[in-house]
Every structure is written in C-alpha cells, then in structure tokens.
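Peer 1: Sharing a model prediction with you, sequence too.
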Amino acid sequence: MKAIVAVLVLFVCAPLHAAWLKGNLHTHTLESDGDSKPAEVVRWYAEHGYDFLVLTDHDKVTRVDDAAGIVLIPGEEVPVRLPKKPLPVNAIGIEEPVKPQHGATPVEVLQRNIDAVRKAGALALINHPNFGWAFGADELVQLEHANFLEIASGHPFVNAEGPPSAESMWDAMLTAGKMIYGVAVD
C-alpha cells in the first residue's frame, strides 16, 4: 500500500517542473467487461509508455504476474446499481474485493461504497457520473471522503460532455468545498 500511495502522491502533487507519471486508474480486462486478457492489457499499457496501471475489473482484484515494467496497483470496480442507474466506485490500492453496499438512493449507495472502499484502506474513485445519467452535481456535493471523480473517459457511452458535463459536476463539488481530484481515464 505504501508504494501505491507514493505513486499516486507523485502523480497528484508533482510540481510543474517535476516529471509527471502517466497512468490509468480505470481499466477492464476479459475478467469483467474488457476485451483483452489481463496480461495483454498490461503489456499494451507498458508498450505505450504508461508508468502505472490499475486493473479495475468488476467485483474482483485481477492479478498479473508479469508487470511488463510498469507499476501495477491492485484495484476493483465495485459495481452497484439502482434500477437504470449504474453507481460504480473504484477501489484503488485494494488487496481483497470490497463487498458492494446497497441503498435506496444514488447518494446512499455511492456514500456506502465510498465508505467501504476507504475502510478497506483504498482510495475511492467515483466513476463516470453521466453513464446512464445515474447521478449529477446535486448528488455529488452530498458525498464525503471520495478521492477522485472521473471527469473524462475514453468509453463511448459515458456522456462526459453532458449535459451537464462531468467537468461542471466536478466544479460544483469544488465550489461546495469538496476536496476531490478530477481524473481522465482511457
């Protein structure tokens, strides 16, 4: 866990003159809904100049023996949904899967899963708020203790541009005094 925190602190807090690290915090393989084997995914990121990678398959921690020269941070996507509302949270730096927590509202589900991720000693990333139009800024400003918000994604159906855009939701959180880092993922 110390190595994971060190990589993320370097990534998030690096001064402008320091070297930046390139990584991805939300990556799927054939172990959930990705399209390649875990070792192939790791190799692809290594070959494309990434410094670190988090495999975040659903409901499991995917392990790869050969890190191909990059730092592999164990992770998981904790996928929970209400009817027609996907509400996933990534656990970054987790050793064992986090049991999904349920609730009656998007805020309740998200907060319970953020709390479970943090209790397990991991960092919490709120995934793609506009995927399925599941929640927006009104819900996000009610959440506590999340570390990251996914504001851009390479997935074609996450609707990051909105309306409203994920970036504007992040702005609403920051304006409300929530300390949370925005991240872009592949």
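Peer 2: Now that the structure is in, tell me what you want to look at.
Peer 1: Which positions within the longest helix anywhere in the chain qualify as buried?
Peer 2: In the chain, with assignment by DSSP state H, the single longest helix is helix 106-119. Using 16 or more other Cβ atoms under 10 Å as the test for burial, helix 106-119 gives 106-118. Every C-beta, even on glycine, is put in place using the N, C-alpha and C of the backbone.
Peer 1: which one of the residues you listed sits closest to residue 135?
Peer 2: residue 106 (4.2 Å; Cβ to Cβ).
Peer 1: And residue 55, its phi and psi?
Peer 2: phi -80, psi 120 (degrees, to the nearest 10).
Peer 1: How many residues are close by it?
Peer 2: Using other Cβ atoms under 10 Å, residue 55 is surrounded by 27 other residues.
Peer 1: before we move on, the earlier item: now the buried residues of helix 106-119 as TSV including pLDDT and distance to residue 171?
Peer 2: Compiled in TSV, the buried residues of helix 106-119 are given as follows (pLDDT from 0 to 100; distance: Cβ to Cβ, whole Å):
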residue	pLDDT	distance to residue 171
106	96	19
107	97	19
108	97	24
109	97	23
110	98	18
111	98	21
112	98	25
113	98	23
114	98	20
115	98	24
116	98	27
117	98	24
118	98	24
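Peer 1: any idea which of those residues is closest to residue 99?
Peer 2: Using Cβ to Cβ, residue 116 comes nearest to residue 99 of the buried residues of helix 106-119, at 6.9 Å.
Peer 1: In this model residue 78 seems to touch that closest one, though I could be wrong.
Peer 2: Yes: between residue 116 and residue 78 there is a contact at 7.3 Å, judged by Cβ atoms under 8 Å.
Peer 1: Mind listing the shared neighbours of those two?
Peer 2: Residues within reach of residue 116 and of residue 78 at once, by Cβ atoms under 8 Å, 6 or more residues apart in numbering, are 98, 101.
Peer 1: next structured bit after the helix or strand of the chain with the lowest mean pLDDT?
Peer 2: Lowest mean confidence among the helices and strands of the chain (mean pLDDT, DSSP states H and E): helix 2-13, at a mean of 49. Scanning forward in sequence from helix 2-13 by DSSP states H and E, the next helix or strand is strand 23-27.
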